[in-house]
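>>> Predicted model follows, preceded by the sequence.
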Amino acid sequence: MNFKKILYTIFLSFFFFSGIAQNALLEKAEKEYNNYAYANAIAIYEKLASKGFEDEKMFQRLGNAYYFNAELAKAAGWYQKLFAVNPQQETEYFYRYAQSLKTLGDYKKADQILDQFNKKAGSDSRGVLFEKNKNYLEQIKLNSGRFEISLSNINSENSDFGSAFLGTDLVFSSARQIGKKEGKTFKWTNRNFTNLYIAELKPDGSPKTIKLLNNEINSKFNESTPVFTKDGKTMYFTRNNFLDGKRGKDEKNITLLKLYKAELVEGKWSNIKELPFNSDSYSTAHPALSTDEKKLYFSSDMPGTLGQSDLFSVTINADGTFGKPENLGRGINTEGRETFPFISGDNELYFATDGRPGLGGLDIFVSKILDDGTFDQVQNIGEPVNTKFDDFAFIIDSNNRKGYFSSNKKGGLGSDDIYKFIETKKMVCERTLTGTILDSKANEAIEGAKVTLLDENKQSLGEVTTAADGTYSFKVNCSKNYFIKVERKQYPSKENPVAIAYGLDNKLDFVLEKEKIAVIAALPLAEVKKIKIGTDLGKVLNISMIYFDLGKWNITDAAAVELQKILEAMQEYPKMKIDIRSHTDSRSSAKSNLVLSDKRAKSIMSWLVEKGIAADRLRGKGYGESKLLNRCKDGVKCSEEEHLKNRRSEFVIISM
């Protein structure tokens, strides 16, 4: 074998064995990924990627592994590579990519990806909510600035989250290690399992002591998110599927989450029991109690879930048994993740979700629980609590408006940190309802219309008069239903319901159609026969004085009512032409009266032209005081009634 053949053989052998090694690494990474050991899978995939290996499935796995570990900024990079390799991905990848881009602050591109997601996803509520709330960043801005936040002093370099009030103390979840607790790690993150800790707080909120809650509660797996009854004697909490030293698993050998109940006996938490609606096949987690403690709220992916996890509630019976869990429905849940519920003393449901338009990752939202058990408008609570990162596990004392929430935002000590806050201003969902009142035929604004805002029981809440551009405006509550009533002389009143949307702009326009006067049809036959050349149409139609303000020639509302009769007559007789003759009384000078009357005649002509009458059908002239009907000349003392007879307009038919 010559030297060239030897080199060629070595070259082929290198690629052969490299290929075997590469496939072995891929198989190992896939196994770790399928076992939810995302941290290990990431390490192997990135080792392959560093050697120039590119593969669509690998990019999917890397993006997902970072996404599921709440490292969305890193997920964005791998999703970008994924879409560069093949833009035609499954629908969910569009949503995850958009969420990851938000964590980078690239809302413009995120919104473009969400547009594509919405087109592909059909009726998916996440796309529908985005489409209805394209201005969600402005909406969130309106709700922002109501909290003063700071890092709490109970954080460690590990993960700390999910706090709960226990009297004046704070109980929370942490991956820190205190004492002789076994230091096993959670393969999902390669970090320590979490346990429940209790912090005795000083009056300023700083911790006096921090210690493990007790060994009965804390197992060798994860414990988190407790909630306590008001008397402090009962606790509900989350734990991996582990009880009495036995670990439960689903069909894939995965230990899921379950809800447990414990009782305080002689100062120690004991009598730990799992709740009856738990299952080895799905997770239940993050309990919250209603204000009357007769209902337990929680997050789950149990059958009947709309998305990746939904919020449910279950009745706690007087005998301690539980009813059947009920999904909170589409008013709260989406196809995304709804999790970490909390019920405030004001009967408000706070929860975290990535399924609604937000700033990135999990955002915290709130909805008032109404008297009938339904939910009011869901609102993003805004910055600085919500950020581009995961923000969740919000709790608040409704008396002093102080509380805590958890976040993996930058600037903390660990992967998750607990922040304390004080709410300086309660959220009031106030929006502006505007509209324009238009004439149906002329398509022009109607000035002077009375617009009344009515509540859902049709009780008046206020009224305004439309401006020259026909507009009106009211301040309204974004979660209320209203009626708007419009009234204007010459038009039938109109009333429409309006449900205020969550968006910034709520608009309700009205198009009004003038009442049909039908002046010709209403006349006796003898009067109709008088409508011929040379007749004063004004007299035939019994038109009242065309009033003008003193010294002015603009058409007043009162004048418009009478001119409407002339308009309809000319519409009924499309070949009719008229000569408009305007007269004044003798008061003021003859010269000024002549000028003023001519302007009034021309003003009437212009009004009719604006209403659709052709200009060549009209002729107009002012005669001032030259054609008085009585003795009331200059120097003659007359009553106001006598002067009134001389201030007239005539509408003489000159052609039929």
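Looks like it came in fine.

>>> in the protein, which spans are helices?
3-34, 38-50, 56-68, 72-85, 91-103, 107-121, 125-132, 136-143, 525-528, 537-540, 557-572, 590-610, 640-646 (DSSP state H).

>>> what's near enough to touch the closest residue to residue 398 other than its chain neighbours?
Closest residue to residue 398 apart from its sequence neighbours, by Cβ to Cβ, 6 or more residues apart in numbering: residue 345 at 3.2 Å. Quick note: C-beta positions are derived from backbone N, CA and C, even for glycine. Applying Cβ atoms under 8 Å, 6 or more residues apart in numbering to residue 345 gives the contacts 291, 397, 398, 399.

>>> Out of the residues you listed, which comes closest to residue 284?
Nearest to residue 284 among these: residue 291, at 21.5 Å, using Cβ to Cβ.

>>> for that closest one, what are its contacts?
Residues near residue 291 by Cβ under 8 Å, 6+ apart: 343, 345, 347.

>>> Looking at these, which are in strands?
Judged by DSSP state E, strands contain the following of these: residue 343.

>>> low-confidence ranges in the stretch 51-200 of the chain?
Filtered on pLDDT under 70, the stretch 51-200 of the chain yields the residue ranges 178-191.

>>> Quick one: distance of stretch 436-454 to the chain centre.
Counting by Cα atoms, centre = their mean, to the nearest Å, stretch 436-454 is centred 29 Å from the centre of its parent chain.

>>> Span of it from start to end?
The straight-line separation of the ends of stretch 436-454 (Cα to Cα, to the nearest Å) is 17 Å.

>>> Which of the contacts of residue 345 fall within strands?
In strands, judged by DSSP E, the following of the contacts of residue 345 are found: residue 397.

>>> show me the contacts for the residue nearest to residue 67 when sequence neighbours are not counted.
Distances taken as Cβ to Cβ, 6+ apart put residue 75 closest to residue 67, at 4.2 Å, once the chain neighbours are dropped. By Cβ under 8 Å, 6+ apart, the contact list for residue 75 reads 62, 63, 64, 66, 67, 96, 100.

>>> Grab the nearest non-local neighbour of the first one.
Just to be clear, that refers to residue 62. Once flanking residues are discounted, residue 62 sits nearest to residue 78: 4.1 Å by Cβ to Cβ, 6+ apart.

>>> same question, residue 470
Using Cβ to Cβ, 6+ apart, the nearest residue to residue 470 is residue 445, at 2.8 Å.

>>> Let me know whether the one you found touches residue 488 as I believe.
No: with contact defined as Cβ atoms under 8 Å, residue 445 does not reach residue 488; the gap is 11.4 Å.

>>> Give the residues shared as contacts by these two.
Counting by Cβ under 8 Å, 6+ apart, the shared contacts of residue 445 and residue 488 are residue 437.

>>> more crowded one of the two?
A direct count of neighbours by other Cβ atoms under 10 Å for residue 445 and residue 488 places residue 488 higher, at 22 against 16.

>>> so who does the more buried one touch?
Counting by Cβ under 8 Å, 6+ apart, residue 488 has contacts 437, 446, 448, 449, 450, 512.

>>> From residue 455, how far off is the first one?
Distance of residue 437 to residue 455, computed by Cβ to Cβ, to the nearest Å: 21 Å.

>>> quick one, which of the two is more surrounded?
Higher neighbour count among residue 437 and residue 455: residue 437, with 25 against 12, using other Cβ under 10 Å.

>>> Find me the pLDDT at that one, would you?
pLDDT for residue 437: 88.

>>> That one reaches residue 508, doesn't it?
No: with contact defined as Cβ under 8 Å, residue 437 does not reach residue 508; the gap is 10.2 Å.

>>> So which of the contacts of residue 488 belong to strands?
Per DSSP E, the contacts of residue 488 map to strands at 437, 450, 512.

>>> for the first one, which residues make a bridge with it?
Spelled out, it's residue 437. Beta-bridge pairing for residue 437 (DSSP bridges): residue 510.

>>> for residue 73, what are its contacts?
100, 103, 104.

>>> Then residue 438?
For residue 438, the contacting residues are 444, 445, 446, 470, 509, 510, 511, 512, by Cβ under 8 Å, 6+ apart.

>>> rerun that using 7 Å as the cut-off
With contact set as Cβ atoms under 7 Å, 6 or more residues apart in numbering, residue 438 has these partners: 444, 445, 446, 470, 509, 511.

>>> I'd like the distance between the nearest residue to residue 105 once chain neighbours are set aside and residue 126.
Closest residue to residue 105 apart from its sequence neighbours, by Cβ to Cβ, 6+ apart: residue 388 at 6.0 Å. Counting by Cβ to Cβ, the gap from residue 388 to residue 126 is 18 Å.

>>> Domain map for this protein?
The chain breaks down by automatic domain parsing into domains covering 3-122, 147-158+220-423, 430-512, 525-655.

>>> which of these is buried the deepest?
domain 147-158+220-423 (a mean of 18; mean count of other Cβ atoms under 10 Å).

>>> And that one, end to end?
4 Å.

>>> what do you get for stretch 252-271?
End residues of stretch 252-271 are separated by 30 Å (Cα to Cα).

>>> Give me the mean pLDDT for that stretch.
Confidence for stretch 252-271, expressed as mean pLDDT, is 88.

>>> show me where pLDDT drops low in the stretch 551-656 of the chain?
551.
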